[in-house]
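S.K.: below: sequence and its predicted model.
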Amino acid sequence: MNSSSDKERSSLQKAETALVTAGRDTKAQHGFVNPPVVHGSTVLYPTADDLHAHRGEFQYGRHGTPTTKALQEAMMAIEGPHCAGVGLAPSGLSAITTTLLAVLKAGDHLLICDNAYRPTRNFCNGILARYGVETTYFDSLIGAGIADLFRPNTRAVLVEAPGSQSFEMPDIPAIAAVAHRHNALVIDDNTWATPLFHRSLDHGVDISIQAATKYIGGHSDIMFGTISANAKAWPLIAEAIRLLGVCAGPDDVFLALRGLRTLAVRLAQHHQSGLEMARWLAGRPEVIKVLHPALESDPGHAIWKRDFTGASGLFSIVLKPAPQKAVDALLDAVKLFGMGFSWGGFESLVIPFDCGPYRTATKWAPGGPTLRLHIGLENVGDLKADLERGFEAFNAG
């Protein structure tokens with residue numbers, strides 16, 4: 001952990017500076033800029049007394065190394081003053097499942113927004129249901145109305161801001177206020193904005209999760225997850241990580257730390273390019289709606305403007321009604337937009353999606369085929385030209 005003076009200095013720094021400086025100790029690193037990648041399991045104790053007392057900063061590789069410590073300190077610096085600890089997981093989904101297992105037990109009730117990441121739903125409907133935890137899905141736009149869904153055994157509320165694929169923007173402070181009155185914890189999947197653009201813990205969230213596979217890694221070359229928690233929730237997270245044996249590989253930890261150093265400049269470009277592409281697409285005759293909370297026309301724009309300081313490069317569009325072969329023709333025609341799952345890397349991506357089969361608290365009726373776009377770091381003019389080729393194929397189809 002940082003010394004108290006280091007923490008105080010870090011809290012006064014701007015996020016961009018903290019991203020570059022936090023979690024680094026060049027003196028301890030023999031003058032090198034980056035911390036070493038520690039590959040290790042066994043930690044040796046100098047005396048029997050030290051062994052019996054488990055005395056030492058690092059006791060076993062699974063519990064942490066100098067490499068993981070550097071990343072955790074850097075993450076704490078950008079999560080803000082309410083962050084009491086950061087857990088590292090081998091994937092974003094692992095971060096979600098570890099968190100839910102940490103805060104729930106048999107007989108508990110969980111509330112989840114209906115637009116949550118589908119693998120989160122699968123875990124709740126599968127493993128948690130078998131373990132005796134009941135899940136209720138709610139309209140993410142419910143706000144303070146969520147009070148009507150609470151039961152005596154409701155222990156947690158999970159939200160995404162904005163929602164997965166469809167990008168509805170929940171009022172997290174309103175939901176958190178109700179949850180805390182009922183002694184429930186609030187969990188936020190903050191992958192879209194990262195703590196650089198949305199400090200969840202400052203807005204009433206108790207546990208903030210990220211698939212660091214996305215923007216923190218930034219290069220589509222790791223699987224990684226982070227769990228940031230406040231003082232109330234951190235002991236639960238720390239215990240679950242220890243008991244479940246959750247840990248991430250040292251090379252992925254290093255790549256996450258390396259990606260974190262350039263997060264500010266990358267996200268600034270994703271924000272700028274994403275908005276330019278979203279506004280351009282809103283004017284295309286083939287597009288009937290753009291789902292992007294940073295657009296002034298979006299229903300969630302007021303909440304985004306109030307609670308967020310930026311937007312990432314991920315959003316969706318609704319195409320005019322057309323047969324599937326026309327949509328497939330568009331997908332096959334584009335060359336810069338790759339077809340693949342995940343997002344947050346330097347490359348632009350596009351996938352078709354349909355929320356209808358698995359939404360249970362809301363009805364998904366967008367009015368046409370839907371595509372999710374990730375705007376990467378390519379030239380925006382080239383991306384527009386690429387989509388124009390796709391739209392030509394779409395219209396011909």
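M.R.: Received, thanks.

S.K.: regarding the protein, what is its longest helix?
M.R.: Longest helix in the chain by number of residues, with DSSP state H as the criterion: helix 263-282.

S.K.: show me what the helix or strand following that helix is packed up against.
M.R.: Using DSSP states H and E, the helix or strand that directly follows helix 263-282 along the chain is strand 287-291. For strand 287-291, the elements it packs on are helix 263-282, strand 314-319, judged by 3 or more Cβ pairs under 8 Å, 6 or more residues apart in numbering; DSSP states H and E. C-beta: built from backbone N, CA, C; applies to glycine.

S.K.: rounded mean pLDDT for strand 287-291, please.
M.R.: For strand 287-291, mean pLDDT is 98.

S.K.: low-confidence ranges in this protein?
M.R.: 1-13 (pLDDT under 70).

S.K.: let's see that with 50 instead.
M.R.: 1-10 (pLDDT under 50).

S.K.: who's in contact with the spatially most central residue of it?
M.R.: Closest residue to the average C-alpha location of the chain: residue 191 at 1.5 Å, with Cα atoms, centre = their mean. Applying Cβ atoms under 8 Å, 6 or more residues apart in numbering to residue 191 gives the contacts 92, 209, 210, 211, 214, 215, 344.

S.K.: do I have it right that the fifth one meets residue 341?
M.R.: No. Counting by Cβ atoms under 8 Å, residue 214 does not reach residue 341; the two are 11.2 Å apart.

S.K.: pick out whichever of the two has more residues nearby.
M.R.: residue 214 (23 against 7; other Cβ atoms under 10 Å).

S.K.: helix or strand for the nearest residue to the more buried one once chain neighbours are set aside, which one?
M.R.: Leaving aside its sequence neighbours, residue 214 sits nearest to residue 344 (Cβ to Cβ, 6 or more residues apart in numbering; 2.7 Å). Remark: residue 344 resides in no helix or strand, with elements defined by DSSP H and E.

S.K.: was I right to think residue 344 contacts residue 213?
M.R.: Yes. Between residue 344 and residue 213 there is a contact at 7.0 Å, judged by Cβ under 8 Å.

S.K.: did I read that right, residue 392 in a strand?
M.R.: No. Residue 392 is assigned helix when assessed by DSSP: H, G, I helix; E, B strand; the rest coil, not a strand.

S.K.: look up how far residue 385 lies from it.
M.R.: Residue 392 is 11 Å from residue 385, where distance means Cβ to Cβ, to the nearest Å.

S.K.: how many other residues sit next to the residue nearest to residue 214?
M.R.: Residue 344: 29 neighbours (other Cβ under 10 Å).

S.K.: how much space separates it from residue 224?
M.R.: 11 Å.

S.K.: one more: residue 39?
M.R.: 17 Å.

S.K.: tell me which of the two has more neighbours.
M.R.: With neighbours defined as other Cβ under 10 Å, residue 39 and residue 224 compare such that residue 224 has more, 26 against 11.

S.K.: and the closest residue to residue 197 other than its chain neighbours, helix, strand or coil?
M.R.: Closest residue to residue 197 apart from its sequence neighbours, by Cβ to Cβ, 6+ apart: residue 310 at 3.9 Å. Going by three-state DSSP, the secondary structure assigned to residue 310 is coil.

S.K.: residue 310 against residue 193, yeah?
M.R.: Yes. Using Cβ under 8 Å, residue 310 is in contact with residue 193, at 7.2 Å.

S.K.: the more surrounded of these two?
M.R.: More neighbours surround residue 193 than the other of residue 310 and residue 193, with 26 against 19 (other Cβ under 10 Å).

S.K.: so what's the more buried one up against?
M.R.: 161, 308, 310, 311, 312.

S.K.: distance of the second one from residue 64?
M.R.: If I follow you right, that is residue 308. From residue 308 to residue 64 the distance is 32 Å (Cβ to Cβ).

S.K.: and the strands in the chain?
M.R.: Along the chain, counting by DSSP state E, strands occupy 85-89, 109-113, 134-138, 154-160, 185-189, 207-210, 225-229, 287-291, 314-319, 349-353, 370-374.

S.K.: would you turn those strands into a markdown table with distance to residue 47 and mean neighbour count?
M.R.: Shown next, in a markdown table, are the strands of the chain (distance: least, Cβ to Cβ, whole Å; neighbours: other Cβ atoms under 10 Å):
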| stretch | distance to residue 47 | mean neighbour count |
| --- | --- | --- |
| strand 85-89 | 29 | 24 |
| strand 109-113 | 47 | 23 |
| strand 134-138 | 50 | 19 |
| strand 154-160 | 44 | 24 |
| strand 185-189 | 41 | 27 |
| strand 207-210 | 39 | 31 |
| strand 225-229 | 35 | 29 |
| strand 287-291 | 61 | 19 |
| strand 314-319 | 53 | 23 |
| strand 349-353 | 54 | 19 |
| strand 370-374 | 54 | 22 |
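
S.K.: spatially nearest residue to residue 66 (excluding sequence neighbours)?
M.R.: residue 38 (5.3 Å).

S.K.: residues in contact with that neighbour?
M.R.: 61, 65, 66, 67, 250.

S.K.: show me the two of those that sit farthest apart.
M.R.: Spanning the widest gap among the contacts of residue 38 are 61 and 66, at 11.0 Å by Cβ to Cβ.
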